[in-house]
Each structure stands twice: as C-alpha cells, then as structure tokens.
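S.K.: Okay, structure incoming, though there's no sequence with it:
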C-alpha cells in the first residue's frame, strides 16, 4: 500500500513537471525571433500564408497552445516542419533505438570501468596506482567529449586501424563512439565510488565483517560496495537519461543517425513540433530515471523508506 501511494504521488508530480516543461518550452519557442518558414530566399506571401494555415500558426497564441496540449495528451506530437512527410513520433521511433543502443553500451562501459577504478583506488589509497587512476579520472572529467573522440580516432583509426572512422550498422562501428561517450561518465563514477568506498570501509559493520574472518573480496564486493553505490545511483539518475538519448557531439563526429542531430536541427530551423517532442522525451526520461533512483535507494539501503 505504501509503494502504491508512493507511485501515485510520483506519477502526479511527473505529470505536473511535464506540463510545466511543455508550457515553458512552447512560449519560449514562440518568443524567439524567426519561424519555421524563414529561409535565405523569402517565400511568396501567399505560399507562406497557406503553410501557416496548414500548421495552425495563423491562429491566436492561446489557441495554438491549447490545440498543441490536446494533441500531446493524445500522444500525437504532430508532423515535423523540417521533414513534413514524417511525424515526430516516427522520427523518435527511428532515432531513439539508435541513440539507446549507443547509450546502453556507453553506460555499461562507464559502470564497469568507473566502479572498478573507484574500488581499486580506494583499496590502495595513496599508492601510485591510486594517484594514476585519480589523474585519469580528472582528465576524463576535464576533457570535452569531442577532444576524447578526436584522440580516439587518431589512435584507433589512423595509428592503429582497429575500428572504422564513422558510420552505423555493425557492432564494430558501435564500440568506439560508445567508449568516447562513456569515458566522462566513467570518470565521474570512479571519483564517486572512491570517495564513498573510503567512507564505507571505515564503518563498524565492515570492521565486524573483517573480524569474523570473511574473505577480503567478499567484504569488498558484498558489504562495502553495496553501501558505496548510493552516491553512484544518485548520479546515474539524470546521467542515464542523457546517455541513453545519445550525445550530439559524438553522433555528429561519428555520423550516427540518432536523436542528437534531430534535436539541434530542430532548434536551428525552428521546427517547433520536433523540438517540443524531443524536449518532452528528455523530460519524461529524466523523471523516470529519478523515480528508479529512489526505488534503487530503498533496495540498496533498507533504512531508506519509500515515503
């Protein structure tokens, strides 16, 4: 009963959040100078008037807002201004699996490398290995993703030709962009894991487990790591939403037809419907990931209650 009440309350606030984001995005896009039919070569006024009538842009602003809101509530995000033969739902259906595939592989890489580096760094605190791993983590956080991608292309495409430079379709084309996308997240996870592990290793229950004669690997993996995962789980909430929908820079560099390219093109070309659809998608993903974080907290730490 407690869990059901928690889910109902969170669902209500998610709906309110999505509505607020929709309202703010709608009026901000309308307030920006220019429109979806502005070109270097001006359209004939009659043609432009007919296009605006087709998409309802000639109606009062409040009427446009109400119609758009009703369509969104029905799950209809409308047709794209930039690609009039495709609906926004179809564009998302085409791009989301690609960005999600890239993001899932990048997330797996970030978790595996980040957790391993953080645990090793905490266990050998102050050693040369700890200093080296912290230096690499700092570089991973400081370097922009396009710099990491550029270095990776130079090393793994030109110097040591292991991966293709760009493209999409084969597993080999997925590995290099996933590594570049996951590297900054791996660096953050490593720093969080190290700090949290150092705190957990000093707790009484860890000393008790060691005093009972439990193997060192069991103390670290079963007891210490579980408590150290809480800050990492908090970080993964918004990070998962961003990493699953792909990175614009990585998709542009490796010519990956995901959602990132559509998002920027929609903003540059004033494609109201496509931009709105992608903003709402990001909002829903972030809200759902934060909900999963709260549930994961209760699973990892019995002291946390879903209230």
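M.R.: Perfect, thanks for sending it. This structure is a prediction, so every number in the text was calculated from the model and none was measured.

S.K.: Contacts for the host helix or strand of residue 252 next, please.
M.R.: Counting by DSSP states H and E, the element that carries residue 252 is helix 248-253. Here helix 248-253 makes contact (Cβ atoms under 8 Å, 6 or more residues apart in numbering) with 99, 102, 144-146, 149-150, 153, 166, 177, 180-181, 256-258, 260-261, 263-264. Every C-beta, even on glycine, is put in place using the N, C-alpha and C of the backbone.

S.K.: What helices and strands are in contact with the helix or strand hosting residue 100?
M.R.: Using DSSP H and E, residue 100 sits in helix 88-123. The contact analysis (3 or more Cβ pairs under 8 Å, 6 or more residues apart in numbering; DSSP states H and E) places helix 88-123 against helix 128-142, helix 171-200, helix 225-244, helix 248-253, helix 259-268, helix 272-300.

S.K.: tell me the average confidence for the fourth one?
M.R.: Helix 248-253 shows a mean pLDDT of 79 in the predicted model.

S.K.: coming back round to it: chain center to the helix holding residue 100: distance?
M.R.: Counting by Cα atoms, centre = their mean, to the nearest Å, helix 88-123 is centred 8 Å from the centre of its parent chain.

S.K.: Sort out which residues of that helix are buried, please.
M.R.: Neighbour counts using 16 or more other Cβ atoms under 10 Å place 88, 91-92, 95-96, 98-103, 105-107, 109-111, 113-115, 117-123 of helix 88-123 among the buried residues.

S.K.: Next: stretch 15-33.
M.R.: Applying a neighbour-count criterion of 16+ other Cβ under 10 Å, one finds 18, 21-22, 25-26, 29 buried in stretch 15-33.

S.K.: Would you mind listing the outside residues contacting it?
M.R.: 61, 64-65, 68-69, 72, 270, 272, 275-276, 279-280, 283-284, 287.

S.K.: again, 7 Å this time
M.R.: Under the criterion Cβ atoms under 7 Å, 6 or more residues apart in numbering, residues 61, 65, 68-69, 72, 272, 275-276, 279-280, 283-284, 287 lie in contact with stretch 15-33.

S.K.: now stretch 104-111
M.R.: 174, 178-179, 181-182, 185-186, 189, 240, 243-244.

S.K.: which strands and helices sit next to the one helix or strand residue 67 maps to?
M.R.: Using DSSP H and E, residue 67 sits in helix 61-73. Packing partners of helix 61-73 (3 or more Cβ pairs under 7 Å, 6 or more residues apart in numbering; DSSP states H and E): helix 2-31.
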